[in-house]
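Q: For reference, the sequence and a predicted model appear below.
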Amino acid sequence: MALWHWLYYGLIAAGVLLALYAVDRLFLWMEERGWVYYRKRRGSGGASSGLLTTMQQFVEPQVQHVIEMKERAKEHDRQEEGQPSQVDEPKKQGPDGANPKGRTDGP
């Protein structure tokens, strides 16, 4: 083979590597905006997992502590990543069950 064949194949290999790097950077950029899960974040189970979890809680009430532990672990991961908390805080109520500032939650 002539020298120009090797040069040609080398340029093709360099182009493929450059394209792969560009696609990698594109997916990291998209992941940073929350559009895709690529390297650093895991996807959630989706809507069906919530339904199955609810059914399992109904059939086996003792699994509630496992679900709470998983939620705490997810919250811990979110805090490490610097994302805001998504756990709902319980509403604070006064001794008579009213809102402590005297406000109502409804219209």
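A: Right, received. Where do you want to start?
Q: which stretches of this structure aren't confidently modelled?
A: Residues of the chain that meet the criterion pLDDT under 70 lie in 1, 41-50, 83-107.
Q: Mind splitting it into its structural domains?
A: If you go by automatic domain parsing, the domain ranges for the chain are 1-40, 44-85.
Q: okay, the ones you listed in TSV with mean neighbour count next?
A: (Each C-beta comes from the backbone N, C-alpha and C, glycine too.) Converted to TSV, the domains of the chain look like this (neighbours: other Cβ atoms under 10 Å):
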stretch	mean neighbour count
domain 1-40	10
domain 44-85	10
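Q: What strand or helix carries residue 25?
A: helix 3-32 (DSSP states H and E).
Q: by contact count, what packs against the helix or strand hosting residue 75?
A: Assigned by DSSP H and E, residue 75 belongs to helix 64-81. When contacts are defined as 3 or more Cβ pairs under 8 Å, 6 or more residues apart in numbering; DSSP states H and E, helix 64-81 sits against helix 47-59.
Q: quick one: secondary structure of residue 37?
A: Going by DSSP: H, G, I helix; E, B strand; the rest coil, the secondary structure assigned to residue 37 is coil.
Q: Backbone dihedrals for it, both of them.
A: Dihedral angles of residue 37 (phi, psi; degrees, to the nearest 10) stand at phi -110, psi 120.
Q: okay but it is in contact with residue 28, surely?
A: No. Using Cβ atoms under 8 Å as the test, residue 37 is too far from residue 28 to be in contact (11.5 Å).
Q: And residue 40, how close does it get to residue 65?
A: As for residue 40, its distance to residue 65 is 29 Å (criterion: Cβ to Cβ, to the nearest Å).
Q: And for residue 28?
A: With distances taken as Cβ to Cβ, residue 28 is found 37 Å from residue 65.
Q: now residue 7
A: Taking Cβ to Cβ as the measure, residue 7 falls 65 Å from residue 65.
Q: just residue 17 next, same as before
A: According to Cβ to Cβ, residue 17 stands 50 Å off from residue 65.
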